[in-house]
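# Fold the following, please.
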Amino acid sequence: MNLKVGDNVVVIAGKDKGKEGKIVKTLKNDNKVVVEGVNMIKKHVKPNGGAAGSIVEMEAPIHVSNVMIVDPKTKKRTRIGHTVDKKGNKVRVTKKSNSNLD
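Numbering: from 1, shown residues only. I've put the predicted structure just below:
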């Protein structure tokens, strides 16, 4: 998976198509990410101790294939490539503007 926590992404498929947000959590084993403000669900929480039960809105995971990273220069969605910098480290770059993501 080429996406990391903190990356700005745009949803390209599903009910929230076109929304942008920042990745909060990655679920590598399931190939899913949690994006803030996207794929909101309502979860019913039982009463626990002194706290009353309630209905909480939270973000649900979305599949990685349904999001694309936003290019920092052009502000448009793009794919991710990999290259080696001068120090010999592998870095992520955008395909459209060839700008460094790491």
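# Now stretch 1-8: buried residues?
3, 7 (16 or more other CB atoms under 10 Å). Backbone N, C-alpha and C define where each C-beta goes, glycine included.
# Direction included, what does the longest strand along the chain pair up with?
In the chain, ranked by residue count with DSSP state E as the criterion, the top strand is strand 20-27. Sheet pairing of strand 20-27 (DSSP bridges) gives strand 8-11 (antiparallel), strand 32-35 (antiparallel).
# I'd like to know which of those is closest to residue 88.
strand 8-11 (27.6 Å; CB to CB).
# May I have that closest one exported as CSV, CA atoms only?
Written as CSV, here are the backbone C-alpha positions of strand 8-11 (Å, rounded to 0.1, in the frame of the first residue of the first chain):
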residue,chain,number,x,y,z
ASN,A,8,-4.3,14.1,1.7
VAL,A,9,-6.6,12.0,-0.5
VAL,A,10,-9.7,12.3,-2.6
VAL,A,11,-12.4,9.7,-2.9
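# Can you get me a residue count around the residue nearest to residue 34 when sequence neighbours are not counted?
In space, residue 34 comes closest to residue 25 once its chain neighbours are excluded; the distance is 4.2 Å by CB to CB, 6 or more residues apart in numbering. Residue 25: 12 surrounding residues under other CB atoms under 10 Å.
# quick one: residue 25 and residue 5 touch, right?
Yes. Using CB atoms under 8 Å, residue 25 is in contact with residue 5, at 6.6 Å.
# Touching stretch 60-76 from outside, list them.
With contacts defined as CB atoms under 8 Å, 6 or more residues apart in numbering, stretch 60-76 is touched by 1-3, 7-14, 16, 20, 25, 27, 30-35, 38-41, 77-80, 94, 96-97, 99, 101.
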